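Novice: Can you look at this prediction? I've put the sequence above it.
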Amino acid sequence: MRGVTHDDAPLLADLMPWSVAPPRLGRGWPAGPDGASLKARWDALLKADGPDRETLFEPTRSRTAHTAVGQLPGQSSGTEKLIRASGPCPEPVRVLYAPFDEQWLIPDHRLIDTARPELWRVADEQQVFVVETPSETDGPQLLATSRLPLLRPGRVRPLYRRPGGAEPNVVPGLTDHLGTRLGTAVRAPDVLAWIMATVRRDLTVPLTEDPELWSRGVELGHRLLWLMRRDGDRPKLPGGRRPYVRAPLPSRPLTLDYDRDEETLLLDEGRISPVPPEAWDFEAAGVRVLEQWFAARTAEPGPGTLSAIRPTTWPQAWTSELLELITVLALLAELRPQQRDLTVTSPITAAELHKAAVLPVPEPARRPASVLDHHEEGPEGQFALI
């Protein structure tokens, strides 16, 4: 399932044709793992005047404190130039900052170099964002999230082209063709589930007309989606395998290590166990997930920067997030053998999709849909005309 093949399997880019490059912040301080710190950073920025505010802002060619931009869709931040801004911090929102790492972001267009408004327009509780995370290891080739993703450099493919779960981002005619070949109704979320379970390193997706195999792959894919999105009930490992804090974590841990024999995660003198090796070794985009997650909360920021405003002690919420992350990674690792065992028989090839006029993809399907059902405030309080 994981290797590069030449069996005429269709491309992910043809099955989910609308994609967007990920947002690019341009500066680190508007995002972070602690929402309260972001509000304190905003307050520190607004207390500074003139050149000091500009310096703290960390200007780039795309954004300075004098840049005029409109609101982000669905957000209520101000639109006056940041050099004159006053008032409270826009309420931070949850984003997927790195693989399996949900953090907070100040949703203000003035703070973000390239915000990708087309993604914000379709971000709601029904949306699923699929993010390409190509890897040469056993790590996932795709991640799925309910949060706006900030991961780079892979493309972002929303499941829906409009808010409210309307107009699936699936090549027109695919669900009908699959339904005819499989003899059962096929919905867009099922197509996504199949993609998550079977996508290959070259981002091709083998399809099948075998109903039993399709059902097994879709069930597996929905399990992957549930674990990655972490919606609804919290995932749990069976009793006896659930990770617990065995020795209290220090107020500010500086090092992270792993005792493979004891299956214990070491945060200075703090101890969490059991942590299966598969969770510790889990990589995404070529990086060990647990190490990246820990570094994002402990790396020393530059002095005199807004990023230096952060918790002085390790919040309890981070411990809870870490225990859940260990659980998710362990459960995902358990599904890998099932993914490898999904050998596609009775394939539906790209050539067949061409013959059925599902492919090539119609050009409008590669472009964003028109979703403006309300006004969006432009720079300096003007309404945007889009």
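Specialist: Nice, I can see it. Numbering: from 1, shown residues only.
Novice: Can you name the residues that contact Gln126?
Specialist: For Gln126, the contact set (Cβ atoms under 8 Å, 6 or more residues apart in numbering) comprises Tyr160, Pro163, Gly164, Gly165. Placement of C-beta: from N, CA and C, glycine included.
Novice: Same list (those) but as TSV, adding distance to Asp341, pLDDT and secondary structure.
Specialist: Formatted as TSV, the contacts of Gln126 follow (distance: Cβ to Cβ, whole Å; pLDDT from 0 to 100; DSSP: H, G, I helix; E, B strand; the rest coil):
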residue	distance to Asp341	pLDDT	secondary structure
Tyr160	31	98	strand
Pro163	37	96	helix
Gly164	37	95	helix
Gly165	32	96	helix
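Novice: can you list those residues in TSV and add neighbour count and distance to Leu306?
Specialist: Below are the contacts of Gln126 laid out as TSV (neighbours: other Cβ atoms under 10 Å; distance: Cβ to Cβ, whole Å):
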residue	neighbour count	distance to Leu306
Tyr160	23	35
Pro163	19	32
Gly164	13	36
Gly165	16	37
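Novice: In terms of distance to Trp194, which of these ranks first?
Specialist: For these, the residue nearest Trp194 by Cβ to Cβ is Tyr160; the value is 17.0 Å.
Novice: right, and that closest one touches Val122 too?
Specialist: Yes - shown here, Tyr160 and Val122 form a contact pair, counting by Cβ atoms under 8 Å, at 6.2 Å.
Novice: before we move on, back to that, relative to Ser215, which of the contacts of Gln126 is nearest.
Specialist: Gly165 (22.7 Å).
Novice: beta partners for Ala144?
Specialist: Val130 (DSSP bridges).
Novice: How many neighbouring residues does it have?
Specialist: 24 (other Cβ atoms under 10 Å).
Novice: hang on, isn't it packed against Met228?
Specialist: Yes - between Ala144 and Met228 there is a contact at 4.6 Å, judged by Cβ under 8 Å.
Novice: Going by residue numbers, what spans are helices in the stretch 1-150 of the chain?
Specialist: For the stretch 1-150 of the chain, the helices defined by DSSP state H, counting those that start in this stretch occupy 12-15, 35-47, 50-57, 117-121.
Novice: got a markdown table for these, with mean neighbour count, mean pLDDT and distance to Ser135 too?
Specialist: What follows is the helices of the stretch 1-150 of the chain, written out as a markdown table (neighbours: other Cβ atoms under 10 Å; pLDDT from 0 to 100; distance: least, Cβ to Cβ, whole Å):
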| stretch | mean neighbour count | mean pLDDT | distance to Ser135 |
| --- | --- | --- | --- |
| helix 12-15 | 22 | 98 | 15 |
| helix 35-47 | 18 | 98 | 30 |
| helix 50-57 | 15 | 97 | 35 |
| helix 117-121 | 20 | 97 | 23 |
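Novice: Can I get those in CSV including distance to Asp210?
Specialist: Shown next, in CSV, are these (distance: least, Cβ to Cβ, whole Å):
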stretch, distance to Asp210
helix 12-15, 18
helix 35-47, 47
helix 50-57, 57
helix 117-121, 35
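Novice: Indicate which one of those helices is closest to Leu254.
Specialist: Once the helices of the stretch 1-150 of the chain are compared by Cβ to Cβ, helix 35-47 is nearest, at 18.4 Å.
Novice: counting contacts, what elements does the closest one pack onto?
Specialist: On a contact count with 3 or more Cβ pairs under 8 Å, 6 or more residues apart in numbering; DSSP states H and E, helix 35-47 meets strand 31-32, helix 50-57, strand 101-105.
Novice: Go ahead and name everything in contact with stretch 264-279.
Specialist: Residues from elsewhere that reach stretch 264-279 (Cβ under 8 Å, 6+ apart): 241-250, 253-260, 262-263, 280, 290, 294, 322-323, 326, 329-330, 333-334.
Novice: again, but for stretch 32-44
Specialist: With contacts defined as Cβ under 8 Å, 6+ apart, stretch 32-44 is touched by 29-31, 56, 88-90, 92, 97, 101, 103-106, 296-297, 306-307, 309-311, 315, 318.
Novice: how about a cut-off of 6 Å?
Specialist: Residues lying outside stretch 32-44 but in contact with it, judged by Cβ atoms under 6 Å, 6 or more residues apart in numbering, are Trp29, Cys89, Pro92, Gln103, Trp104, Ile106, Arg297, Leu306, Ile309, Arg310, Pro311.
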